[in-house]
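# just a sequence and a predicted model for now, questions to come.
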Amino acid sequence: MEQTSFSRHRGSVREILFILALIFIIVAVFMVHPRPHRHYAYQVKQAAQLHSISAALELHANEFDGYPPSDANDLTGSSYCGALKLCEAVLGRDLLGIHSDSVFRADGLDAMGAVDLYPDVDRVSKAERDAHLKARKGPYVQPGNANASRLAEVYGQGHTGPFDENRFVLCDTYIRKRPSGAKTGMPILYYRADPKKTAHDVNDPDNPANIYDYRDNQMLLALGVPGEPSAVHPLTDPQRFYMNTQRDNSQGPGTPYHADKFILISAGYDGLYGTADDICNFQWQYRE
């Protein structure tokens, strides 16, 4: 009887030791290789954000009978790229919604350049504020969940190129402390398709028939990586944009993803646009 009890006890001890050893191994794996698991969690979170932005763009399209433009410049020729227009479209320039008369001018004026569509509503009377806000649509995403940051917070004052450093962009979920002291992600790039066109020419990025225009965010890409003066985004190469957004692997004119809608691109964990870890609203195809 005592021998049997001892054997059972010894067996229980072995089982406990085995379980503890297994737990130790699992913990050790996570400690030695935490990044793959962390990266996956970030990928899921980023994909969810892009899904939310895509839904917001659909709401905008329903209100304004089409997706917002993404051209590199506005109608006056001033720099106002796709990422900036994306933020105005779904949040408004002041995060209070887009004005119904907006024509996506960099200065925030109406089509005639006569009326400021985005004045400081805290400096006008209540009646004026109410009338002004009545002309707004949206916001189509909750500002608190949109990761909106001013360009100066992302790139630093004096480092925003031709863009107004106080303009907002929607940033991805890969938050880092910037040289400005702010904690932000990198701007979400937005490109609108032109369904009247027919090409997606990997060999000729300047083909006027291309459905997407790589230039829509080139000036933003030229700002580089905050705090890393020597870093260059691979997506600044026009051919890289067309290679990675093409549905197939052909070398000539092909078909892009979302040929009748829009493309959204997050720089991913490494903070570089155009690398293998970019997160998009389609199956990003990184090709050498």
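Cool, got the structure. Residues are numbered from 1 along each chain as shown.
# once you drop chain neighbours, what's closest to the residue nearest to the spatial centre of the chain?
Geometric centre of the chain, nearest residue: Ile188, 2.0 Å, by Cα atoms, centre = their mean. Nearest non-adjacent residue to Ile188, counting by Cβ to Cβ, 6 or more residues apart in numbering: Leu170, 4.7 Å away. Backbone N, C-alpha and C define where each C-beta goes, glycine included.
# what's the first helix or strand after the helix or strand of the chain with the lowest mean pLDDT?
Ranked by mean pLDDT, DSSP states H and E, the weakest helix or strand in the chain is helix 2-32, scoring a mean of 55. As assigned by DSSP states H and E, the chain's next helix or strand after helix 2-32 is helix 34-64.
# tilt between the helix or strand that comes right after that next one and helix 34-64?
Where DSSP H and E defines the elements, the next helix or strand beyond helix 34-64 is helix 82-90. With axes from the mean of the first three to the mean of the last three Cα atoms, to 10 degrees applied, the angle from helix 82-90 to helix 34-64 works out at 60 degrees.
# how far does helix 82-90 sit from the chain's center?
Mean C-alpha position of helix 82-90 versus that of the full chain (Cα atoms, centre = their mean, to the nearest Å) differs by 11 Å.
# the residue nearest to Ile188 in helix, strand or coil?
strand (DSSP: H, G, I helix; E, B strand; the rest coil).
# what's the neighbour count on it?
Look at Leu170: counted by other Cβ atoms under 10 Å, it has 28 neighbours.
# ok, now Ser52?
Ser52: 17 neighbours (other Cβ under 10 Å).
# that one - nearest residue in space that isn't next to it in sequence?
Val141 (5.8 Å).
# tell me which element that neighbour falls in.
Judged by DSSP H and E, Val141 forms part of no helix or strand.
# give me the phi and psi for it.
Note on Val141: backbone dihedrals following degrees, to the nearest 10 are phi -130, psi 150.
# so it touches Val90, yeah?
Yes. Contact criterion Cβ atoms under 8 Å: Val141 and Val90 qualify, at 5.4 Å.
# if you count what's nearby, which of those two comes out ahead?
Val90 (28 against 22).
# so who does that one touch?
Ile53, Ala56, Leu57, Leu59, His60, Ile98, Gly138, Pro139, Tyr140, Val141, Ala146, Leu170 (Cβ atoms under 8 Å, 6 or more residues apart in numbering).
# mind checking which of the residues you listed are buried?
Buried subset of these (neighbour count, 16 or more other Cβ atoms under 10 Å): Ile53, Ala56, Leu57, Leu59, His60, Ile98, Gly138, Pro139, Tyr140, Val141, Ala146, Leu170.
# the spatially closest residue to the fourth one that is not a sequence neighbour and Val44, how far apart?
Right, Leu59. Spatial nearest neighbour of Leu59, excluding adjacent residues (Cβ to Cβ, 6+ apart): Tyr140 at 4.5 Å. Note on Tyr140: its distance to Val44, by Cβ to Cβ, to the nearest Å, is 22 Å.
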